[in-house]
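Undergrad: sequence-free structure coming up:
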């Protein structure tokens, strides 16, 4: 009986062939899943962003498997070899230094090439700094956009933020501690003074989440210097603009000149985002003192 990709076959205790995209802990080594440990133990080879980092994780859990480096520098050279191993029936496990592969880490081109060839690609989900930060931020989580790292040059950073300004979702960034204060200030200038959260060293001993307005966070890190550790930066969705009540009242006055209060409120409500109840109360008050 055939099993779904990534499941252990009960009759032989073997894992199906394919390319496995496996999430590893972002700090606390105990966050690795039982399934991830099974897959690592059964791998024919583990393709790691940095073999030294992955070797430490394997040693913690008593796993000894062949390691090969796969990263941005050698990807073009290694991809054909890795794909050949999958075609030959091997189980290749791709891991990044921490978190979920393909999220601001090498691997997308490898996964895309495997899919283009019709080779099995299996996700072994687990830790993600982006999602852990979202959980702790206190910001809306029903819609979010992961934007990765911002460009380091000020002009390119401003252009990137301008593209994100109208996105009605919580924005998630990875950022260098040394650039944090400048990035926060640039965000406040371009996006407005939105609520935000800076999360660092997630799942580690010195985990910290600092919440506040973008200007407040920028001022804090400008004064106290860059924090230590890996930084995940989260920014709330666009602030709802305050209605222009001067123009709204002028429109109500014009409508009240030839229609009842309720009809005037209904008319202006259809032209604005202000509630009918609010417009009715304002129209009633203006009619009373008109």
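TA: That came through, no problem. A quick note: this is a predicted structure, and the numbers were derived from the prediction, not measured.

Undergrad: helices along this structure, start to end?
TA: Ranges of helices in the chain, per DSSP state H, are 34-42, 51-60, 75-87, 108-116, 129-137, 154-164, 180-191, 214-224, 245-256, 261-269, 276-289.

Undergrad: by contact count, what packs against the fifth one?
TA: Helix 129-137 is packed against strand 170-175, strand 195-200, strand 208-213, strand 231-235, with contacts defined by 3 or more CB pairs under 8 Å, 6 or more residues apart in numbering; DSSP states H and E. All C-beta spots, glycine's among them, are computed from the backbone N, C-alpha and C.

Undergrad: next, the angle strand 231-235 makes with it.
TA: 60 degrees (axes from the mean of the first three to the mean of the last three CA atoms, to 10 degrees).

Undergrad: can you give me the offset of helix 129-137 from its chain's centre?
TA: Computed by CA atoms, centre = their mean, to the nearest Å, the chain-centroid distance of helix 129-137 equals 8 Å.

Undergrad: who touches it?
TA: 26, 98-99, 103, 141, 144, 146, 170, 172, 174, 197, 199, 202-203, 209, 211, 230, 232-234 (CB atoms under 8 Å, 6 or more residues apart in numbering).

Undergrad: then the last one?
TA: Residues from elsewhere that reach helix 276-289 (CB under 8 Å, 6+ apart): 245, 248-249, 252-253, 255-256, 261-262, 264-266, 268-269, 272.

Undergrad: which one among these gets closest to residue 160?
TA: Within the contacts of helix 276-289, the smallest distance to residue 160 is 32.0 Å, found for residue 272 (CB to CB).

Undergrad: give me the neighbour count for the closest one.
TA: Residue 272 has 14 neighbours, counted by other CB atoms under 10 Å.

Undergrad: how close does it sit to residue 148?
TA: According to CB to CB, to the nearest Å, residue 272 and residue 148 sit 37 Å apart.

Undergrad: before we move on, back to that, can you select the buried ones from the contacts of helix 129-137 in PyMOL?
TA: Listed next is the PyMOL selection for buried residues among the contacts of helix 129-137, using 16 or more other CB atoms under 10 Å:
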select buried, resi 26+98+99+103+144+146+170+172+174+197+199+202+203+209+211+230+232+233+234
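
Undergrad: quick check, central residue of this protein?
TA: Central residue of the chain (CA atoms, centre = their mean): residue 146, 3.2 Å from the mean position.

Undergrad: can you name the residues that contact the residue nearest to it when sequence neighbours are not counted?
TA: If the residues on either side of it in the chain are set aside, residue 146 comes closest to residue 172, at 4.7 Å by CB to CB, 6 or more residues apart in numbering. Contacts here follow CB under 8 Å, 6+ apart; on that basis residue 172 touches 130, 133-134, 144-147, 232-234.

Undergrad: one more time with 7 Å
TA: Going by CB atoms under 7 Å, 6 or more residues apart in numbering, residue 172 touches 130, 133-134, 144-147, 232, 234.

Undergrad: please apply the same query to residue 76.
TA: Contacts of residue 76 (CB under 7 Å, 6+ apart): none.

Undergrad: likewise for residue 236?
TA: By CB under 7 Å, 6+ apart, residue 236 lies in contact with 139-140, 170, 194-196.

Undergrad: tell me which two in those are the farthest apart.
TA: Spatially, the most separated pair among those is 140 and 196, at 12.2 Å (CB to CB).

Undergrad: who's more crowded, these two?
TA: When neighbours are counted by other CB under 10 Å, residue 196 comes out ahead of the other of residue 140 and residue 196, with 27 against 14.

Undergrad: point out where the stretch 1-150 of the chain drops to low pLDDT.
TA: Confidence mapping of the stretch 1-150 of the chain against pLDDT under 70 gives the ranges 1-13.

Undergrad: from the chain's centroid, how far away is stretch 220-233?
TA: 19 Å.

Undergrad: now the end-to-end length of that stretch.
TA: 14 Å (CA to CA, to the nearest Å).
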